[in-house]
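1. Attaching a predicted model along with its sequence, questions to come.
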Amino acid sequence: MGIRFKIWLPVIVALLDSGAVVLGAWLAYLFRFSGTVTSIFPTFESLPPVLWYLRISFVLSALVILSFLVGGLYRFPRRESLFDELVSVFKLFLVAWILLLAGLFFYHGFEFSRLTMAFLAVSGGCFLGLVRIIGRWLREELYTLGITVKRAAVVGDGEQALPIIKHLSEHPEFGFRVVGTIASANKYNEGESSEELKELSTVQNARQAIEEHQLETLIITPKAKDAMILPQLVRSCYGINVDFLYLPEISPVNGRPKNVVDVGGVPLWTLKENPFEGWMGIVKRTFDIIFSILLLIVCSPLMLIIAAIVKFDSKGPILYKQRRIGLDGQEFNCLKFRSMRIDAESETGPVWASANDSRATRVGKFLRRWSLDELPQFFNILKGEMSMVGPRPERPVFVKKFEDEIDGYQERLRVRAGLTGWAQVNRRRGDSPINDRIRYDRYYIENWSLLFDLKIILMTLHAVIKGDDLN
């Protein structure tokens, strides 16, 4: 059943996409020529037959399937997040819709309604997105049941293989089922392997293991990419269909390859670059200014209420100013609604806040749970001291400590500190190991895009609605 389903899955999804487009066209037609809309945008001719627009929807369906096919949206299992998949769906649907409009411009068989086509862009995109949301949920349920998953083995020794196996077993939605490891050494302890780390064979006998265990994917760890091991593994897999996935060796010292730059015919790997150089910096800063102004306007009534409650709840100022380190190591006053007693650090000195902190006031506990104490930082963003998204700003005493202790910590200071960040939405916060948080911050810096910022903002909103403490 699993193999047959893998073959038919792209066909099923393509049919559902086609149905979504046709349904979107039908609803766009009904909406455009409804009494409410025609009273505002009257038609100058008789009501056109719905069949015309259904024919157009069939053409658009074909264009959508073709663009999705070229864009790789019918390859399963999918590795990207749902947000990234939806972005790809909307972008490729827009391409198909524009191609349809270009074709209709040269077709004079009938006069189509431009307003209906605009409604079709909205309704069709929404239904296609809904198909992907429901489809992902169904696929994850199938993966959890072990249906349509790719059988995989990790090539390498236990030290590096075990974390990969644990991670994939905890996340069945990725579509992998790791059945064991292929040892990079000449010998392996058959029969003595643990349940988590079952060794299937050595690299020399990889072909036999692939055929015996019906493996479809090999995940190769850095230590297995030896000058002797990898060629031997490749040769042993000649003539059989098995995917090779590399686990890159990432460290704070050497970074990781990002893209290839062609310099006069010489390919060079980019390991480090300024993500906000030139126009990209202008785009991000403009986004921060517009977003912070809008949120200050929307949240100003709530902020006035919070200010009054904080004032009457306990002694002390309404706002708490704390020195933090931002872009290029510059200090600034990070603003918050005061959520702790004014003498909170009189006995302990500078320490990190923690969940259920006994120093928090009654109102402060509520503000911290819903991240409302962070609202004044919109002023920091407007001033250019912070950004909507970026590594969370740290206090000078901790920055000095971590710069001396943690290799690569200074990389966080290459960009503006953020109100929220990739580490925070992935639950890497104040009580998480600092090395873990830095890894997520560096990933954000190396992979920044405006869509990535929007994704993090949406994930932050989801976390706030759930009541997660993002501090």
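-> Received, thanks.
2. got the domain boundaries for the chain?
-> Listed domain ranges for the chain are 2-144, 150-249, 279-466 (source: automatic domain parsing).
3. What's the end-to-end length of the last one?
-> Right, domain 279-466. Domain 279-466 stretches 36 Å from its first residue to its last (Cα to Cα, to the nearest Å).
4. Mind checking the pLDDT average for it?
-> Average pLDDT, domain 279-466: 87.
5. rewinding a little: can you add distance to Glu273 and mean neighbour count and give the domains of the chain back as JSON lines?
-> Where C-beta positions appear, they are placed from N, C-alpha and C, glycine not excepted. JSON lines is the format used below for the domains of the chain (distance: least, Cβ to Cβ, whole Å; neighbours: other Cβ atoms under 10 Å):
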{"stretch": "domain 2-144", "distance to Glu273": "22", "mean neighbour count": "16"}
{"stretch": "domain 150-249", "distance to Glu273": "17", "mean neighbour count": "16"}
{"stretch": "domain 279-466", "distance to Glu273": "8", "mean neighbour count": "17"}
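6. Next, the contact list for the residue nearest to Leu104 when sequence neighbours are not counted, please.
-> Leaving aside its chain neighbours, Leu104 sits nearest to Phe112 (5.7 Å; criterion: Cβ to Cβ, 6 or more residues apart in numbering). Going by Cβ atoms under 8 Å, 6 or more residues apart in numbering, Phe112 touches Pro48, Trp52, Tyr53, Ile56, Leu104.
7. do that again at 10 Å, thanks
-> Neighbouring residues of Phe112 by Cβ atoms under 10 Å, 6 or more residues apart in numbering: Pro48, Trp52, Tyr53, Ile56, Leu100, Leu101, Leu104, Phe105.
8. can I assume the first one sits in a strand?
-> No: with DSSP: H, G, I helix; E, B strand; the rest coil as the criterion, Pro48 is coil rather than part of a strand.
9. Surely it is in contact with Ser113?
-> Yes: using Cβ atoms under 10 Å, Pro48 is in contact with Ser113, at 7.2 Å.
10. any chance you could map the strands in the protein?
-> For the chain, the strands defined by DSSP state E occupy 150-155, 176-183, 199-202, 217-220, 243-246, 259-263, 266-270, 319-325, 331-337, 386-389, 417-420.
11. a markdown table for those, including distance to Leu30?
-> A markdown table is the format used below for those (distance: least, Cβ to Cβ, whole Å):
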| stretch | distance to Leu30 |
| --- | --- |
| strand 150-155 | 43 |
| strand 176-183 | 44 |
| strand 199-202 | 58 |
| strand 217-220 | 46 |
| strand 243-246 | 46 |
| strand 259-263 | 46 |
| strand 266-270 | 51 |
| strand 319-325 | 53 |
| strand 331-337 | 49 |
| strand 386-389 | 39 |
| strand 417-420 | 41 |
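12. nearest to Tyr143, of those strands?
-> Closest approach to Tyr143 among the strands of the chain (Cβ to Cβ): strand 176-183, 8.4 Å.
13. and that closest one, which strands flank it?
-> Paired with strand 176-183 in the same sheet, following DSSP bridges, are strand 150-155 (parallel), strand 199-202 (parallel).
14. got any ranges where the stretch 51-200 of the chain has weak pLDDT?
-> For the stretch 51-200 of the chain, the stretches with pLDDT under 70 are 108-111, 185-196.
15. can you give me the helices in it?
-> Remark: helices assigned in the stretch 51-200 of the chain by DSSP state H, counting those that start in this stretch are 82-106, 114-144, 158-170.
16. who wins for proximity to Val11 among the ones you listed?
-> Taking Cβ to Cβ, helix 114-144 is the member of the helices of the stretch 51-200 of the chain nearest to Val11, at 12.9 Å.
17. Who are the packing partners of the closest one?
-> If you count contacts as 3 or more Cβ pairs under 10 Å, 6 or more residues apart in numbering; DSSP states H and E, helix 114-144 packs onto helix 2-32, helix 35-40, helix 50-70, helix 82-106.
18. Can you tell me the centre-most residue of the protein?
-> Nearest to the mean C-alpha position of the chain, by Cα atoms, centre = their mean, lies Ser81 at 5.3 Å.
19. separation between the closest residue to that one other than its chain neighbours and Phe83?
-> Closest residue in space to Ser81, ignoring its immediate chain neighbours: Lys455 at 7.3 Å, by Cβ to Cβ, 6+ apart. Remark: distance between Lys455 and Phe83 (Cβ to Cβ, to the nearest Å) = 5 Å.
20. pretty sure Asp343 contacts Ser314?
-> No: judged on Cβ under 10 Å, Asp343 makes no contact with Ser314 at a distance of 11.1 Å.
21. Report the beta-bridge partners for the nearest residue to Ser169 once chain neighbours are set aside.
-> Counting by Cβ to Cβ, 6+ apart, Ser169 lies nearest to Val178, which is 6.9 Å off, once chain neighbours are set aside. Beta-bridge partners recorded for Val178 (DSSP bridges): Ala152.
22. mind checking how far Val178 is from Asp328?
-> Taking Cβ to Cβ, one finds Val178 at 43 Å from Asp328.
23. go on, Leu51?
-> Using Cβ to Cβ, we find Leu51 at a distance of 64 Å from Asp328.
24. again with Leu230
-> 41 Å.
25. repeat for Gly239
-> Separation of Gly239 from Asp328 (Cβ to Cβ) stands at 55 Å.
26. residues contacting Ala308?
-> Counting by Cβ under 10 Å, 6+ apart, Ala308 touches Ile318.
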